[in-house]
Each structure stands twice: as structure tokens, then as C-alpha cells.
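Participant: After the sequence you'll find the predicted model.
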Amino acid sequence: MGWSLQVRRILSFTALLVALVGITGCASVATPAKPYTVETASHTRPAAKHQARSHRGLTIARGMIGTPYRYGGTDPRGFDCSGLVYYSFRKANIDVPRTTTDQYRHSSPVKMSSLRPGDLIFFRISRNKLSHVGIYAGNDRFVHAPSGGKRVSYASLDNPYWESRVIGAGRY
């Protein structure tokens, strides 16, 4: 009887751990090496002339709308946020690292006021750590793989949740 109770507790703990990992979103939560350059999105909107430009990586990501979230996922069976960027940009012959942190570190910094479609937007979801990335789509929207139980979709920088969590942006 005691052994059975231990097994149930271990299984319960494992299930809880898996659920928490799914909630956090992306595969990478390490703090980036370069300093954060937070600009409040509501005060620094991109210029309208950049809204209509096309970016091959963005086009591929748009084609993945509706794909399920999968922690560590890097293909159309499922994506995490950095996996979506990795897949979309690689298909567009743009070399990007796999993790959110490395994507941030290796991108060229971009002011939020200078965003162009195809630029990456980085967010801190929890504990002030870089933990999420999306691909700017124009008109204050971005494509991303949100978190466990959700699907690749658009989100808006006008949404207070995302607006308050922007760390910065980068370009490849």
C-alpha cells in the first residue's frame, strides 16, 4: 500500500511538472547577454511605410497559423515560439539560432519605432527573463506560438498583456 501511494505521488508530481513546462511557453528562458532595451509599444509605433513590406520568413510563419503548440517543436507537427522562428526563417534561407535567447543575442537590435514585417519581437513572460519571441507582421500584430494547449496565431502589441512584456526587437 505504501509503495502504491509513492508511485501515485511521483506520477502526480511528474504531471504537474509537465503542465508547468507547457504553461511557460518557450524552450528558452535564460537571461540574454545584451542589455534590455525596453520601449513601450504604445509610444513607439512603427512608421506606416513599413507595414506593407513582405518577408519570406513571415510568409512561411503565416502559413503555419493554426499549427498546435508543442514544447521544443520545430516543425509543422507543432512549434514552440522559438521553434516557429527557427523553422520559418530556415525555410526562407535565413540562418537563425534555435533558442529565444540566442535569437535575441544574435539579432541586430531594432527600435520598436522602426519595426518592419519579419523583425523579431522579444518578451519577458515571467520573472523578468527573456522567454518569448514572435515575428512582427505589420499593423502592430505579430505571429507566434503562444503556449501549451494553444495554436500558432496572431497577437497584438495593442494588447496590454503583450505591450507590458516587450523587451525589444531584432532583425536578421
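Facilitator: Good, I have the coordinates.

Participant: average pLDDT across the biggest strand by length in the chain?
Facilitator: In the chain, taking DSSP state E as the definition, the longest strand is strand 129-138. For strand 129-138, mean pLDDT rounds to 96.

Participant: mean confidence score for whichever helix or strand comes after it?
Facilitator: Using DSSP states H and E, the helix or strand that follows strand 129-138 in sequence is strand 141-144. Mean per-residue pLDDT for strand 141-144: 98.

Participant: Just the residues contacting strand 141-144, thanks.
Facilitator: With C-beta atoms under 8 Å, 6 or more residues apart in numbering as the test, strand 141-144 has contacts from 58, 61-62, 64-65, 81, 84, 121, 132-137, 152-157, 162. Bear in mind the C-beta positions are built from the backbone N, C-alpha and C, glycine included.

Participant: before we move on, back to that, direction included, what does the longest strand of the chain pair up with?
Facilitator: strand 120-126 (antiparallel), strand 141-144 (antiparallel) (DSSP bridges).

Participant: Only C-alpha atoms, please: export it in PDB.
Facilitator: Provided in PDB are the C-alpha atoms of strand 129-138 (Å, rounded to 0.1, in the frame of the first residue of the first chain):
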ATOM      1  CA  LYS A 129      13.500  36.800 -18.100                       C
ATOM      2  CA  LEU A 130      13.500  36.700 -21.800                       C
ATOM      3  CA  SER A 131      11.000  33.900 -22.500                       C
ATOM      4  CA  HIS A 132       9.000  34.500 -25.700                       C
ATOM      5  CA  VAL A 133       9.500  35.600 -29.300                       C
ATOM      6  CA  GLY A 134       7.200  36.500 -32.100                       C
ATOM      7  CA  ILE A 135       7.500  37.600 -35.800                       C
ATOM      8  CA  TYR A 136       6.300  41.100 -36.500                       C
ATOM      9  CA  ALA A 137       3.600  41.100 -39.200                       C
ATOM     10  CA  GLY A 138       2.800  44.800 -39.500                       C
END
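
Participant: Output the below-cut-off pLDDT ranges for the chain.
Facilitator: 1-53 (pLDDT under 70).

Participant: of all the strands paired with strand 129-138, which lies closest to Arg77?
Facilitator: Among the strands paired with strand 129-138, the nearest to Arg77 by C-beta to C-beta is strand 141-144 (17.4 Å).
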